[in-house]
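Q: 3D, please:
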Amino acid sequence: SSTPTMAMQAQKMACAWGRLCLLLSLLLQLPGSQAKCYFQAKAPCEYEGKKFSLGESWLSTNCLLCTCLHPIGVGCCETTQHPIDFPDWCEAHYDSQTCQISVVQKANPSLPCVKSVEHEWGSAGTPEPL
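A: This is a model prediction of the structure:
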(Lines give C-alpha, C1' and ligand atoms only; values in the text may rest on other atoms or scores of the structure.)
Protein backbone atom coordinates (compact mmCIF):
# COMPACT_ATOMS: atom_id res chain seq x y z
CA SER A 1 0.00 0.00 0.00
CA SER A 2 1.08 3.62 -0.49
CA THR A 3 0.22 4.84 3.01
CA PRO A 4 3.31 5.90 4.99
CA THR A 5 4.24 3.53 7.80
CA MET A 6 4.57 4.61 11.43
CA ALA A 7 8.33 4.01 11.17
CA MET A 8 8.61 6.43 8.24
CA GLN A 9 6.59 9.07 10.08
CA ALA A 10 8.74 8.62 13.20
CA GLN A 11 11.87 8.93 11.06
CA LYS A 12 10.59 12.20 9.53
CA MET A 13 9.76 13.50 13.00
CA ALA A 14 13.22 12.53 14.32
CA CYS A 15 14.79 14.31 11.33
CA ALA A 16 12.80 17.46 12.12
CA TRP A 17 13.84 17.30 15.80
CA GLY A 18 17.42 16.69 14.68
CA ARG A 19 17.28 19.82 12.53
CA LEU A 20 15.88 21.80 15.46
CA CYS A 21 18.64 20.54 17.76
CA LEU A 22 21.27 21.28 15.11
CA LEU A 23 19.84 24.77 14.51
CA LEU A 24 19.77 25.57 18.22
CA SER A 25 23.25 24.14 18.87
CA LEU A 26 24.70 26.18 15.99
CA LEU A 27 23.06 29.34 17.26
CA LEU A 28 24.18 28.71 20.83
CA GLN A 29 27.77 28.29 19.67
CA LEU A 30 28.03 31.78 18.15
CA PRO A 31 30.94 33.51 19.96
CA GLY A 32 29.75 36.18 22.40
CA SER A 33 26.20 35.67 21.21
CA GLN A 34 23.39 36.57 23.58
CA ALA A 35 20.77 35.62 20.97
CA LYS A 36 17.46 34.36 22.29
CA CYS A 37 15.61 31.58 20.49
CA TYR A 38 11.93 30.78 20.55
CA PHE A 39 10.00 27.72 19.46
CA GLN A 40 6.31 27.74 18.56
CA ALA A 41 4.80 24.27 18.27
CA LYS A 42 1.54 25.47 16.69
CA ALA A 43 3.01 28.09 14.34
CA PRO A 44 2.42 27.56 10.60
CA CYS A 45 5.37 27.68 8.18
CA GLU A 46 3.95 30.77 6.54
CA TYR A 47 5.07 34.39 6.50
CA GLU A 48 3.61 37.36 4.62
CA GLY A 49 1.56 35.05 2.40
CA LYS A 50 4.52 32.81 1.45
CA LYS A 51 4.58 29.16 2.50
CA PHE A 52 7.84 27.50 3.57
CA SER A 53 8.80 23.83 3.72
CA LEU A 54 10.93 21.92 6.22
CA GLY A 55 14.35 23.50 6.71
CA GLU A 56 13.56 26.75 4.88
CA SER A 57 14.22 30.05 6.70
CA TRP A 58 13.01 33.64 6.49
CA LEU A 59 13.76 36.94 8.21
CA SER A 60 10.74 38.51 9.90
CA THR A 61 10.11 42.26 10.13
CA ASN A 62 11.07 42.21 13.83
CA CYS A 63 14.54 40.84 12.94
CA LEU A 64 13.92 37.20 13.91
CA LEU A 65 15.43 34.49 11.73
CA CYS A 66 12.75 31.80 11.57
CA THR A 67 13.11 28.22 10.32
CA CYS A 68 10.29 25.91 9.32
CA LEU A 69 10.37 22.71 11.37
CA HIS A 70 7.25 21.18 9.81
CA PRO A 71 5.33 19.32 11.16
CA ILE A 72 6.45 20.26 14.66
CA GLY A 73 6.33 24.06 14.38
CA VAL A 74 8.59 27.05 13.79
CA GLY A 75 11.86 27.99 15.50
CA CYS A 76 12.94 31.65 15.54
CA CYS A 77 16.12 33.25 16.84
CA GLU A 78 17.13 36.87 17.30
CA THR A 79 19.71 37.98 14.73
CA THR A 80 20.94 41.05 16.62
CA GLN A 81 23.93 40.97 18.96
CA HIS A 82 23.01 42.57 22.29
CA PRO A 83 25.93 44.51 23.80
CA ILE A 84 26.27 43.68 27.49
CA ASP A 85 29.42 45.48 28.59
CA PHE A 86 29.51 49.25 28.09
CA PRO A 87 30.00 52.35 30.32
CA ASP A 88 27.14 54.00 32.25
CA TRP A 89 27.30 57.12 30.07
CA CYS A 90 26.36 55.08 27.01
CA GLU A 91 23.21 53.29 25.87
CA ALA A 92 22.28 50.65 23.30
CA HIS A 93 20.39 52.10 20.32
CA TYR A 94 18.31 49.68 18.24
CA ASP A 95 17.74 50.33 14.52
CA SER A 96 14.75 48.29 13.35
CA GLN A 97 15.52 49.10 9.68
CA THR A 98 18.96 47.44 9.69
CA CYS A 99 18.38 45.03 12.64
CA GLN A 100 21.57 46.44 14.19
CA ILE A 101 22.25 47.59 17.74
CA SER A 102 24.84 50.32 18.23
CA VAL A 103 26.18 51.71 21.48
CA VAL A 104 25.97 55.52 21.59
CA GLN A 105 26.56 58.31 24.11
CA LYS A 106 23.49 59.16 26.23
CA ALA A 107 24.33 62.87 26.12
CA ASN A 108 24.69 62.85 22.33
CA PRO A 109 23.16 59.78 20.60
CA SER A 110 24.68 60.83 17.25
CA LEU A 111 28.14 60.00 18.65
CA PRO A 112 29.34 56.41 19.10
CA CYS A 113 30.39 55.22 22.54
CA VAL A 114 34.16 54.76 22.39
CA LYS A 115 36.25 53.70 25.36
CA SER A 116 39.23 55.99 25.71
CA VAL A 117 42.70 54.43 25.46
CA GLU A 118 43.49 55.77 28.94
CA HIS A 119 40.60 53.86 30.54
CA GLU A 120 41.20 50.73 28.55
CA TRP A 121 44.94 50.39 29.24
CA GLY A 122 45.08 51.96 32.70
CA SER A 123 46.27 55.44 33.63
CA ALA A 124 49.78 56.73 32.94
CA GLY A 125 50.77 56.10 36.59
CA THR A 126 50.08 52.35 36.31
CA PRO A 127 53.31 50.29 36.03
CA GLU A 128 53.72 48.22 32.87
CA PRO A 129 52.91 44.51 33.33
CA LEU A 130 56.07 42.33 33.29
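Q: Report the beta-bridge partners for Cys68.
A: Val74 (DSSP bridges).
Q: Also Glu46?
A: Under DSSP bridges, the residues paired with Glu46 across the bridge are Lys51.
Q: hmm, which helix or strand of this protein has the shakiest average pLDDT?
A: Every helix and strand of the chain was ranked by mean pLDDT, DSSP states H and E. The lowest is helix 117-121, at a mean of 42.
Q: Let me see the contact set for the nearest residue in space to Leu65 that is not next to it in sequence.
A: Distances taken as C-beta to C-beta, 6 or more residues apart in numbering place Thr79 nearest to Leu65, at 5.0 Å, with adjacent residues excluded. C-beta: built from backbone N, CA, C; applies to glycine. In this structure, Thr79 makes contact with 35, 59, 63-65, 99, judged by C-beta atoms under 8 Å, 6 or more residues apart in numbering.
Q: Could you report the separation of Thr79 from Trp89?
A: 28 Å (C-beta to C-beta, to the nearest Å).
Q: Leu69 too?
A: 43 Å.
Q: I'd like to know how many residues surround the nearest residue to Gly73 once chain neighbours are set aside.
A: Counting by C-beta to C-beta, 6+ apart, Gly73 lies nearest to Ala41, which is 4.2 Å off, once chain neighbours are set aside. Neighbours of Ala41 under the rule other C-beta atoms under 10 Å: 9.
Q: Likewise for Thr98?
A: Thr98, neighbours per other C-beta under 10 Å, totals 10.
Q: pLDDT weak spots in the protein?
A: 1-35, 115-130 (pLDDT under 70).
Q: Domain map for it?
A: Per the record, the chain has its domains at 37-78, 80-115, by the TED database.
Q: Point out the most buried one among the ones you listed.
A: domain 37-78 (a mean of 15; mean count of other C-beta atoms under 10 Å).
Q: Need the phi and psi values for Gly76.
A: Not Gly; residue 76 is Cys. Backbone geometry at Cys76, expressed as degrees, to the nearest 10, gives phi -130, psi 140.
Q: Just list the residues touching it, thanks.
A: Contacts of Cys76 by C-beta under 8 Å, 6+ apart are 37-40, 60, 64-67.
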